[in-house]
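Q: Provided below for reference: sequence and predicted model.
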Amino acid sequence: MTTFSTQGYEVRRGGRWMRAAVELLSSMRFAIALLTVICIASVIGTVITQHQPFNNYINQFGPFWARVFEQLNLYSVYSAWWFLLILAFLVISTSLCIARHTPKILADLKSYKENIHVRALQAFGYKAEATLPQEPAQAARSLGEKLAGKGWKVRLQQRQGAQGGWMVAAKKGGANKIGYLAAHSAIVLICLGGLLDGDLMVRMQTWFNGKQPFSGAGMVADVPEQHRLSVRNPTFRGNLFVPEGSTADAAILLQKDGVLIQELPFGLELKKFIVEYYPTGMPRVFASEVVIHDKETGEAIPQRIEVNHPASYKGIQIYQSSFEDGGSPVKLKAVAMGGQVAPFSVDTAVGRAVEITNGQDKRTLEVTDLRTINVENFSNLNSGAVDVRGVDLQQKLHDNLGSAQNRKAHELRNVGPSVVYKLRDSAGQAREFVNYMLPVAAGDGSPAEFLFGVRNDTDENFRYLRIPADDNGSLDEFQRLRLALNDPALRAEAVRRYVTQATGVANQQVQEQLALSAGRVLDLFAGDPANLDAARRDSNSEAARSFGLQAVARFIEQTIPPEDQQRFGDVLLRMLNGSMVELLQLSRERSKLPALDMDEERHRAWLAQAVVALSDAPLYPEPVLFQLETFTQVQASVFQVTRAPGKWVVYLGCLFLILGVFAMLYITERRIWVWVRPAAHEDGQPEASGATMALSSNRRNLDSDKEFDALKQYLLGERPS
C-alpha cells in the first residue's frame with residue numbers, strides 16, 4: 001500500500017535555510033496550518049460586518065480597538081493583503097504536495113505488486129490457505145478469470161526454480177488515490193479562482209499601474225483618469241447606481257481609502273423600476289426594466305433584471321442588488337420648536353444638501369431618504385407600534401407555543417410616507433431625524449399623532465416627539481398653544497380666567513391665593529426661555545429639568561413634605577390643566593377662531609396629549625423640525641456588476657472536491673494475492689495445487705471482513721484450511 005508522508009520535499013542542493021524552507025513549504029503540516037488560519041480569518045470576516053463606515057466601528061469597539069482592527073484589515077478581511085498572501089502560499093504549498101505525491105500515486109496505480117515475497121503473505125490480517133484440484137497453471141488462470149469477472153484487474157506471474165509456482169495479483173478501487181489528487185487539486189483551483197476574482201487584480205493596478213483610490217466628492221464623470229480602471233480590467237466587482245430615466249456607464253469599486261471608477265463597455269439605462277410589497281411591508285418583487293447600450297456598436301438591448309435572474313453582456317454579469325431613492329424632489333415645511341421662528345419651506349431633493357441659517361446659528365440640511373411605505377403592527381396597543389421586519393423572539397415563541405386562543409393576529413397598517421434627514425452644524429456634527437408626513441392613529445380612540453424621531457448616532461434607536469394632530473389633521477392648534485404658552489401676558493390672562501371660573505365666589509383672598517398658585521405652576525411648566533439652548537444641548541442637565549412636567553415635579557419634591565406630595569401634586573395638575581384649557585381658548589380667540597367645546601372627549605384627549613408634547617418640546621435638540629409637505633418619488637436601482645473569470649475555475653474545483661471526497665470516503669482500495677504452488681500426491685504425481693490467499697485494504701471494517709469471506713468462498717471453494 002502507498003502511504004503519504006507529511007514531510008515536504010528534501011532538496012539536495014542549496015543552503016541549509018533554503019532546503020528547510022522548501023521542506024516546510026511543501027509539507028502537509030504547513031498546508032494544514034494555513035487552512036486553519038484561513039478558517040479563523042473567515043470566522044472574523046463573518047462576525048465583523050465588512051466594508052462599513054469607520055465611525056460605525058468606533059461606536060462598536062471604541063477608538064483604540066477600532067484603530068487596531070483597522071491596521072489589521074479586519075474590516076475588509078477577504079481583500080486584505082495578508083489574506084491574499086495566505087491564499088497564495090496555500091496554492092504553492094498544496095501544489096508542491098501534489099507534485100511530490102503524484103509520481104508515487106501514478107506508479108502505484110500501474111503496479112500490481114506481483115513481486116511480493118511468498119512469506120510476506122503470512123503477515124497479512126486477511127489470509128487463507130486451501131488445496132485446489134487443478135494443476136498450478138490451470139488453477140492460476142482459473143483464479144484470474146474469476147477475479148476479472150468480478151471487476152478486478154489481474155496480472156499472473158510464473159516463478160521458476162525450487163519455489164516455482166504462479167502468483168495471481170489483482171487490485172480494485174484505485175480511484176481512491178485519484179480522489180486524493182482530485183481533493184488536493186480542488187483546493188488549488190478554488191484558491192486560484194478566489195485570487196482571480198478577488199481584489200488582487202485591482203490591487204496590482206494600484207501598485208504597478210499608477211491607479212489611486214478617489215476620496216473626493218463630485219460627479220463620476222469628473223473623476224480624473226488616475227482613479228479609473230480600464231474596460232479591459234480582467235476581474236472586478238462593483239456597484240452601479242441608476243435612477244429612473246437615467247443612464248450609467250461606470251461602476252463604483254469600494255476601497256479602504258476611497259473608491260475606484262470601473263469603466264464599462266456599455267451604458268445601462270433604467271427605464272422603469274418595479275416593486276411589489278407583502279402585507280408586512282417587505283418587498284415581494286423588485287425588478288428593473290433596462291436597456292443596455294453598447295458603446296462600440298450603438299446597439300440597444302432591452303432586458304429585465306430581477307433578483308436571481310441577472311443579465312449578462314460581454315462577460316459581465318449584472319445583478320439586481322437593491323433599490324434606493326433616486327433623488328426624489330421634496331418640499332419640507334419648517335416647524336418651530338421654541339421661540340419665534342418665522343415659518344418657511346425648503347425645496348430640496350434626496351441626496352442634496354442645503355444651507356439654512358438663523359442669524360449666527362447655521363445648519364446644513366441633508367435629506368438622505370424618502371420612504372413612501374411604512375408598515376407597522378398595531379395588534380398590541382400597549383407596547384406601541386412594532387416594526388414587523390424585526391425579529392421578536394418572545395412573540396415568535398408565544399405564537400408557536402401554547403393554546404390557539406392565546407394567539408393574536410397582526411394588525412398591519414401603512415402609516416404613510418416619511419422623510420429621513422440630517423442637520424449638520426458648522427463643526428461637522430450631525431443628528432439624524434425621521435419625520436412622518438401623516439398623523440398616526442393608534443386605533444384605541446386617542447387622537448392621531450405626528451411622530452418626529454431623532455437620534456445622535458446610527459447605532460441608537462430613534463426617540464420620538466409625539467404631537468397630537470388637531471381637527472384638521474395639522475399642527476396648527478399645537479403651534480398656537482405653544483406660542484401662547486411662551487407669552488407671559490397670555491399666561492396671566494389664562495390664570496385669571498381659570499381662577500374666576502374655579503372659585504365662583506367673590507372672596508378676594510381666595511382668588512389671590514389660587515391665582516398665585518396657578519400662575520406659579522403654569523410658569524414652571526412654561527420654563528425660562530434663557531435655559532432653552534442649554535436644555536437642547538443636554539436633556540439630562542439642570543436646564544432641561546426646568547421645563548414642563550419635570551419642573552413641576554421637581555418643585556413638589558423640593559417644597560412639599562413627602563407625605564403630602566401626592567395630594568398636593570394632584571391639586572397642582574388640576575390647576576395646570578384648567579389653566580391650559582383657558583390658554584387654548586385664548587390662543588384661538590387671538591387667531592379669531594371659535595372656542596372649542598371642551599366637553600367633547602376628543603378635545604379633552606387632544607389637550608392631554610398636547611400637554612405632554614409641550615413638556616417634551618423644549619428637549620427637542622433643534623429649534624426647528626422639518627415636516628414633509630409634498631414629494632415626487634423617483635426610484636433608483638442598485639446593480640452589482642461583476643466580471644469573474646475565476647468562477648469557472650472555482651466551479652471546476654468544486655466538482656473535483658466532490659469527486660475527490662466521494663472517492664476517498666466511499667471507494668476502498670483493495671489488493672489480493674493468491675500464491676499457487678504444486679501440491680504432490682502420495683505417489684508423487686502432481687495432480688493438485690496448494691493456494692495461499694491474502695487481502696490488503698486501506699481501511700479495515702465489517703465490509704472488508706464480509707468481502708474477504710465471500711472471496712475466500714468464491715476463489716477457494718469449500719476447502720479452506
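A: Yep, it's here.
Q: and the strands in the stretch 401-550 of the chain?
A: Ranges of strands in the stretch 401-550 of the chain, per DSSP state E, counting those that start in this stretch, are 412-414, 418-424, 430-436, 449-455, 463-468.
Q: what packs against the shortest one?
A: Which is strand 412-414. strand 375-377 (3 or more CB pairs under 8 Å, 6 or more residues apart in numbering; DSSP states H and E). Glycine gets a C-beta too; all of them are placed from N, C-alpha and C.
Q: any chance of the strands of the stretch 401-550 of the chain in a markdown table, plus mean neighbour count, mean pLDDT and distance to residue 234?
A: Below are these laid out as a markdown table (neighbours: other CB atoms under 10 Å; pLDDT from 0 to 100; distance: least, CB to CB, whole Å):
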| stretch | mean neighbour count | mean pLDDT | distance to residue 234 |
| --- | --- | --- | --- |
| strand 412-414 | 16 | 77 | 47 |
| strand 418-424 | 20 | 93 | 39 |
| strand 430-436 | 20 | 92 | 40 |
| strand 449-455 | 20 | 92 | 44 |
| strand 463-468 | 20 | 91 | 50 |
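Q: and those strands as CSV, adding distance to residue 519?
A: Below are the strands of the stretch 401-550 of the chain laid out as CSV (distance: least, CB to CB, whole Å):
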stretch, distance to residue 519
strand 412-414, 43
strand 418-424, 36
strand 430-436, 35
strand 449-455, 30
strand 463-468, 26
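Q: figure out which of the ones you listed is closest to residue 700.
A: With CB to CB as the measure, strand 412-414 is the member of the strands of the stretch 401-550 of the chain nearest residue 700 (62.7 Å).
Q: which strand in this protein runs the most residues?
A: Longest strand of the chain, by residue count under DSSP state E: strand 258-277.
Q: for that one, which positions count as buried?
A: Across strand 258-277, burial judged by 16 or more other CB atoms under 10 Å covers 259, 260, 261, 262, 264, 266, 267, 268, 269, 270, 273.
Q: and the two most separated of these?
A: 260 and 273, at 26.4 Å, using CB to CB across the buried residues of strand 258-277.
Q: quick one: average pLDDT of the longest strand of the chain?
A: When pLDDT is averaged over strand 258-277, the result is 91.
Q: quick check: residue 637 is in a strand.
A: Yes. Assigned with DSSP: H, G, I helix; E, B strand; the rest coil, residue 637 falls within a strand.
Q: nearest spatial neighbour of it, chain-adjacent residues omitted?
A: Distances taken as CB to CB, 6 or more residues apart in numbering place residue 288 nearest to residue 637, at 4.4 Å, with adjacent residues excluded.
Q: distance of the nearest residue to residue 238 once chain neighbours are set aside from residue 639?
A: Spatial nearest neighbour of residue 238, chain neighbours left out: residue 251 (3.3 Å); criterion: CB to CB, 6+ apart. According to CB to CB, to the nearest Å, residue 251 stands 8 Å off from residue 639.
Q: find residues that contact each of these two.
A: The overlap between the contact sets of residue 251 and residue 639 (CB atoms under 8 Å, 6 or more residues apart in numbering) consists of 239, 240.
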